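Engineer: here's my sequence, what's the structure:
(one chain, ligands or ions: 1)
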Amino acid sequence: MAKIKRFTTADGGYHGELGFYCPGCDSIHFINDEETKVQGMPVWEFNKDFNHPTVRASVMLTRPGYVCHSFITDGKIQFLSDCTHHLAGQTVDLNDI
Ligand SMILES: [Zn+2]
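Structural biologist: Numbering: from 1, shown residues only. Next up, the predicted model:
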């Protein structure tokens, strides 16, 4: 089963954002790779393996008072110690999406 997949965005255009379910935030995070059709957005390296994804660089989401910072490697998500949620410092399997 896929642990990361391409999404069509809410504006109806196919941009191909990569989305994965983050168990730390209980929500889906989106990133772009070189196939994503959005100009001017940061680009992550993706190994093209939707079942065992590896993504670089790290994925970081910040809001006032909240941080989610992770590395995705071979289908697992490693939460760095600067996360403010309950999975800080832990590495867990990504859920199917
Ligand atoms: Zn998260």
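
Engineer: which helices and strands sit right next to the helix or strand bottoming out on mean pLDDT in the chain?
Structural biologist: When the helices and strands of the chain are scored by mean pLDDT, DSSP states H and E, strand 5-7 comes last with a mean of 89. Applying 3 or more CB pairs under 8 Å, 6 or more residues apart in numbering; DSSP states H and E, we find strand 5-7 packed against strand 17-22. C-beta here means a position set from N, CA and C on the backbone, and glycine is covered the same way.

Engineer: how distant is whatever helix or strand comes next after the strand it packs on from the center of its chain?
Structural biologist: Per DSSP states H and E, the first helix or strand lying C-terminal to strand 17-22 is strand 27-31. Mean C-alpha position of strand 27-31 versus that of the full chain (CA atoms, centre = their mean, to the nearest Å) differs by 5 Å.

Engineer: on that earlier part again, pairing partners for the least confident helix or strand of the chain, with directions?
Structural biologist: strand 17-22 (antiparallel) (DSSP bridges).
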